[in-house]
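**Q** no sequence on this one, just coordinates:
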């Protein structure tokens, strides 16, 4: 008898440059049970990004319609651009027993906690130091000097929300951090409340099956 499991929603949040996107990609590449929640955003697409893979890039008017229609699980404004999570694909993946990984900030995480706390596992990723955070932002060479300064200024506020998360991981070394996040995922999958068929399974065992 199979023990079915409802999927879970794992949020990874961090200041820009602390490593959450790289951690997300590692986990997606190693665990076929995990799917990525692809957000919608009103910000311009970067040259390295693909529509429908990194984000769904949409107009502000369409974003407003989705928010008004209740089609977003969460939405927030970051650096003047809007981001949101489409509800329908996430709910379908959870029903199928797939885990959904979110790369969102503390604003979105708060909204998910209010709406779907029973499905949510939240992890905040901290950098080992402010100097290392700035070095990583400059090394990735995706942003202008003004953007780097703005992200560094924003990081102080973002890091103040660490206590709102279920788990906190300091990203000293990438492989070690990925392994720790995977350990969290494994433990959360085994929670009694997520194993939908466990009660029937135990009853069968007690009946000698």
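**A** Cool, the structure landed. The structure displayed is predicted, hence computed values, not measured ones.
**Q** how about the strands in the chain?
**A** Assigned by DSSP state E, the strands in the chain fall at 9-13, 34-36, 40-41, 56-57, 72-78, 81-86, 99-103, 120-126, 167-170.
**Q** and the closest residue to residue 128 other than its chain neighbours, what pLDDT?
**A** Using CB to CB, 6 or more residues apart in numbering and skipping the chain neighbours, the partner closest in space to residue 128 is residue 172 (4.9 Å). Quick note: C-beta positions are derived from backbone N, CA and C, even for glycine. pLDDT recorded at residue 172 is 94.
**Q** how about residue 192?
**A** Listed pLDDT for residue 192 reads 90.
**Q** do the same with residue 140
**A** The confidence metric pLDDT takes the value 69 at residue 140.
**Q** where does the prediction get shaky in this structure?
**A** 1, 140-143 (pLDDT under 70).
**Q** now the residue most central in space within the chain: closest residue in space that isn't a chain neighbour?
**A** By CA atoms, centre = their mean, the chain has its centre lying nearest to residue 102, at 2.0 Å. Closest residue to residue 102 apart from its sequence neighbours, by CB to CB, 6+ apart: residue 11 at 4.4 Å.
**Q** ok, the one you found to residue 19 distance?
**A** Residue 11 sits at a distance of 15 Å from residue 19 (criterion: CB to CB, to the nearest Å).
**Q** okay, those two: which has more neighbours?
**A** Neighbour count, other CB atoms under 10 Å: between residue 11 and residue 19, residue 11 has more, with 26 against 21.
**Q** beta partners for the more buried one?
**A** Residue 11 has these beta-bridge partners by DSSP bridges: residue 102, residue 122.
**Q** and it, how far is that from residue 103?
**A** Separation of residue 11 from residue 103 (CB to CB) stands at 8 Å.
**Q** before we move on, what about residue 192?
**A** Residue 192 is 28 Å from residue 103, by CB to CB.
**Q** which of those two has more residues huddled nearby?
**A** Shown here are residue 192 and residue 103; by other CB under 10 Å, residue 103 has more neighbours (21 against 7).
**Q** residue 12 is in contact with the more buried one, correct?
**A** Yes. With contact defined as CB atoms under 8 Å, residue 103 counts as touching residue 12 (5.8 Å).
**Q** overlap in contacts of these two?
**A** Shared contacts of residue 103 and residue 12 (CB atoms under 8 Å, 6 or more residues apart in numbering): 20, 24.
**Q** give the buried residues for stretch 187-198.
**A** 188, 189, 194 (16 or more other CB atoms under 10 Å).
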